[in-house]
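Colleague: Whatever this is, show me its structure:
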Amino acid sequence: MLPRLLPLTVLIATLLACSGKEPAAGKRAAKAPPPATATAESEDDAVGDDTDAGDDDEGGSKARGGHRKGPGVVAWTNPEAHATVALDALPEGEPAFVALVVMDTVRADHTQLCGYERPNTPNLVRFAKLARAVSCDTYSPATWTLPAHASYLTGRPTAEHGVHTLGTPLDDRFETLAETYAARGYQTLLLSANPVFGNAEGGFWQGFDRVVVAEGLRGPLREEFGRMLKAELERLDPDKPLFAFINLIDAHDPYPDIPEGLDWVEPAERLSLNPHTADPKSPYYQFVTGQMPEPKQGPYLARIKDAYDHAVYTSDANLGVLIRGLTATGWIARPHRMVITSDHGEHLGEHQLLRHGSAVWQTVTRIPFLYFDNMDKSPMTLPSPMSGTTAWTLLHDGKLPEPALLVESASAENPDDFKPSWESVAVWQSNEDKLMYLDGKRMRFDLSADPMEEHPLAFPVTHPGIDTFAERLAAHEKSLQDALERGPDPEVMKLMQAVGYVQ
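Modeller: Next up, the predicted model:
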């Protein structure tokens with residue numbers, strides 16, 4: 001049972017105590033200029049000058065195009081973008097603060113919020129009591145970061161926006177939430193510890209007037225998130241409204257050290273799965289290719305599970321830091337809309353898979369979802385199941401889409417042959433009924449009887465959702481073909497290498 005809701009006064013007191021589509025009508029915000037016109041900031045302004053930029057075994061990359069602010073961080077300020085609306089001049093009913101907070105790589109069934117036995121998300125549990133609506137039956141539109149975020153920011157399914165593992169950027173014909181709010185005169189901030197957003201060519205800088213992104217999977221935005229956050233919040237104009245997109249990377253491998261003092265997990269050193277190699281001696285390679293001896297599999301997966309659960313705990317702690325910072329600077333107390341969710345989950349050995357991005361199994365598609373809105377106190381019941389892309393409508397309009405969005409997810413085959421991955425598409429008709437295409441086969445799952453999807457059923461000849469499923473599969477295949485014809489963007493591929501999606 002989800003926790004009951006609490007009033008705003010309790011929200012503020014609780015947070016302070018935390019420890020740790022085509023363009024809409026109206027003027028479009030300016031696109032992010034290409035790298036050659038971006039301005040680099042001086043080392044004197046650096047907020048990450050004492051931390052290494054990356055880690056060779058995780059593919060950490062160096063900043064490109066001059067967007068540099070201290071070792072480990074790419075920072076860029078759009079010289080052409082300026083917030084134009086004062087808080088007291090906002091139209092009635094408009095929020096002063098809008099935020100999309102993505103806890104990268106957090107699967108629903110490994111959160112305390114959604115019934116997991118380990119107490120690894122105490123902040124999510126606490127904040128759920130304060131949310132207007134909560135869901136543990138939300139599904140990401142994709143199995144990895146870029147396509148999922150593209151859907152959240154544009155309100156479009158992956159087959160429409162076309163961001164795939166093939167290195168395709170987000171096309172600027174789609175208006176993002178940042179562009180929408182920039183056109184309304186808001187400040188717009190992108191703060192990401194995931195380096196996959198690290199340059200303008202990826203298309204995700206559209207509409208933002210301030211971008212701060214980690215260069216690699218290690219660095220100040222991961223190890224010193226509170227300090228980085230404080231510096232960026234202090235840059236903001238408190239008299240202008242704000243749209244912020246914030247990505248917390250902590251649950252993404254490499255998983256951090258597990259310290260002593262936690263009674264639910266044993267201490268352990270940092271764990272990198274090292275997916276960049278086809279070395280037959282690599283434990284990751286041995287497991288995903290079926291070459292690891294069975295006696296070694298149990299201890300290996302137990303170590304990964306411990307590391308991942310603690311990584312989720314670390315992400316939850318930084319969520320507490322974020323909300324505390326937003327509360328201390330007054331943004332939470334203002335009229336606001338906020339979504340806290342994830343972009344995808346993580347395989348922990350299920351289906352002989354690790355990490356994510358491979359196929360639309362439950363383990364990488366089912367995510368937690370919280371919606372906050374202190375301007376509307378009326379009850380809100382989220383659909384069940386629900387598409388994660390609903391975040392766009394809630395943040396854009398403050399209401400649920402009508403009709404509810406189709407609950408679908410898709411993945412593309414990875415360019416690296418040694419990494420198990422497939423073109424796959426899923427459509428959920430209910431929390432129990434899932435239609436799925438995987439590796440040339442169509443199948444159905446009864447999730448009530450088979451929650452781990454170990455026993456596929458024959459694809460039905462007649463089914464209420466069979467026509468919709470066929471349409472979505474055809475749309476996804478066309479989108480992949482279009483991406484192949486466009487070819488990969490070299491800069492996008494470099495960013496994907498930085499996070500281990502491709503070699």
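Colleague: which sections of the protein are below the confidence cut-off?
Modeller: Low-confidence segments of the chain, defined by pLDDT under 70: 1-71, 166, 414-419, 500-503.
Colleague: what about the helices in it?
Modeller: Listed in chain order, the helices found in the chain under DSSP state H are 8-16, 122-128, 145-154, 158-161, 177-183, 220-223, 225-235, 283-288, 294-328, 362-365, 390-397, 466-486, 490-499.
Colleague: Can you tell me which helices and strands the fourth one packs against?
Modeller: The reference is to helix 158-161. On a contact count with 3 or more Cβ pairs under 8 Å, 6 or more residues apart in numbering; DSSP states H and E, helix 158-161 meets helix 145-154, strand 408-411, helix 466-486. C-beta here means a position set from N, CA and C on the backbone, and glycine is covered the same way.
Colleague: Format the CA atom coordinates belonging to that helix as CSV.
Modeller: The C-alpha coordinates for helix 158-161 follow below in CSV (Å, rounded to 0.1, in the frame of the first residue of the first chain):
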residue,chain,number,x,y,z
THR,A,158,10.7,6.3,-29.3
ALA,A,159,9.4,5.4,-32.7
GLU,A,160,8.5,9.0,-33.3
HIS,A,161,11.5,10.9,-31.9
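Colleague: Now the residue most central in space within the chain. Nearest residue, chain neighbours left out?
Modeller: With distances taken as Cα atoms, centre = their mean, Asp343 lies nearest the centre of the chain, 3.2 Å away. Nearest in space to Asp343, with sequence neighbours left out and distances taken as Cβ to Cβ, 6 or more residues apart in numbering, is Ala148 at 3.9 Å.
Colleague: Distance check, that neighbour against Phe243.
Modeller: Separation of Ala148 from Phe243 (Cβ to Cβ, to the nearest Å): 19 Å.
Colleague: circling back to that earlier point, could I get the helices and strands packed on helix 158-161 in a markdown table, plus columns for mean neighbour count and distance to Arg210?
Modeller: Listed next are the helices and strands packed on helix 158-161 as a markdown table, based on neighbours: other Cβ atoms under 10 Å; distance: least, Cβ to Cβ, whole Å:
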| stretch | mean neighbour count | distance to Arg210 |
| --- | --- | --- |
| helix 145-154 | 28 | 16 |
| strand 408-411 | 29 | 31 |
| helix 466-486 | 16 | 29 |
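Colleague: Columns distance to Thr381 on top of these, output as JSON lines?
Modeller: Supplementary listing: those in JSON lines, determined by distance: least, Cβ to Cβ, whole Å:
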{"stretch": "helix 145-154", "distance to Thr381": "21"}
{"stretch": "strand 408-411", "distance to Thr381": "21"}
{"stretch": "helix 466-486", "distance to Thr381": "23"}
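Colleague: closest to Ser358 out of those?
Modeller: Closest approach to Ser358 among the helices and strands packed on helix 158-161 is made by strand 408-411 (6.7 Å; Cβ to Cβ).
Colleague: Test my guess that the residue nearest to the centre of the chain contacts Arg107.
Modeller: No. Under the criterion of Cβ atoms under 8 Å, Asp343 lies out of contact with Arg107, with a separation of 10.7 Å.
Colleague: How about stretch 216-235, which residues are buried there?
Modeller: 216-225, 228-233 (16 or more other Cβ atoms under 10 Å).
Colleague: List the buried residues for stretch 343-358?
Modeller: Of the residues in stretch 343-358, those buried by neighbour count under the rule 16+ other Cβ under 10 Å are 343-351, 353-358.
Colleague: what's the straight distance from one end of it to the other?
Modeller: One end of stretch 343-358 to the other measures 14 Å (Cα to Cα, to the nearest Å).
Colleague: Please apply the same query to stretch 83-95.
Modeller: 15 Å.
Colleague: What of stretch 100-112?
Modeller: Using Cα to Cα, the span of stretch 100-112 from its first residue to its last is 21 Å.
Colleague: Also stretch 286-295?
Modeller: For stretch 286-295, the first-to-last residue distance is 13 Å (Cα to Cα).
Colleague: ok, now stretch 162-176?
Modeller: 14 Å.
Colleague: Buried ones in that stretch, by neighbour count?
Modeller: 162-170, 174-176.
Colleague: which one of those residues sits closest to Arg184?
Modeller: If you rank the buried residues of stretch 162-176 by distance to Arg184 using Cβ to Cβ, Glu175 comes first, at 12.0 Å.
Colleague: so the closest one touches Thr154, yeah?
Modeller: Yes. With contact defined as Cβ under 8 Å, Glu175 reaches Thr154; the gap is 7.0 Å.
Colleague: List the buried residues in stretch 244-261.
Modeller: Along stretch 244-261, the positions that meet the burial threshold by neighbour count (16+ other Cβ under 10 Å) are 244-256, 258.
Colleague: do stretch 172-189 as well
Modeller: Across stretch 172-189, burial judged by 16+ other Cβ under 10 Å covers 174-189.
Colleague: ok, now stretch 424-431?
Modeller: Quick answer for stretch 424-431 (16+ other Cβ under 10 Å): 424-429.
Colleague: what residues does it touch?
Modeller: When contacts are taken as Cβ atoms under 8 Å, 6 or more residues apart in numbering, the neighbours of stretch 424-431 outside the stretch itself are 137, 139, 359-360, 365, 384-385, 406-411, 434-439, 447-448, 463-465, 468-469, 472-473, 476.
Colleague: what do you get if the cut-off is 6 Å, keeping everything else the same?
Modeller: Counting contacts by Cβ atoms under 6 Å, 6 or more residues apart in numbering, the residues outside stretch 424-431 that touch it are 137, 359-360, 385, 407-411, 434-438, 465, 469, 472-473, 476.
Colleague: ok, now stretch 141-148?
Modeller: 140, 151, 157-158, 163, 196, 343-344, 356-357, 364, 388-389, 409, 411.
Colleague: give the contact list for Val196.
Modeller: By Cβ under 6 Å, 6+ apart, the neighbours of Val196 are 145, 495, 499.
Colleague: And Ala96, by the same measure?
Modeller: Neighbouring residues of Ala96 by Cβ under 6 Å, 6+ apart: 87, 241, 334-335.
Colleague: mind running it again at 10 Å?
Modeller: With contacts defined as Cβ atoms under 10 Å, 6 or more residues apart in numbering, Ala96 is in contact with 85, 87-88, 90, 186, 238-242, 330-331, 333-337, 375.
Colleague: And Ile340, by the same measure?
Modeller: Going by Cβ under 10 Å, 6+ apart, Ile340 touches 99-103, 106, 123-124, 127-128, 131, 134, 246, 248, 319, 322-323, 368-372, 391.
Colleague: can you do 8 Å?
Modeller: Applying Cβ under 8 Å, 6+ apart, one finds that Ile340 lies in contact with 101, 103, 124, 127, 319, 368-370, 372.
Colleague: ditto for Thr390
Modeller: Thr390 makes contacts with 138, 369, 382-383, 400-401, 404-405, as judged by Cβ under 8 Å, 6+ apart.
Colleague: if we go to 6 Å?
Modeller: Contact partners of Thr390, counting by Cβ under 6 Å, 6+ apart, are Leu405.
Colleague: what's the burial count for Gly115?
Modeller: For Gly115, the count of nearby residues is 11 (other Cβ atoms under 10 Å).
Colleague: Asn199 now?
Modeller: Around Asn199 there are 29 residues (other Cβ under 10 Å).
Colleague: Nothing else from me, thank you.
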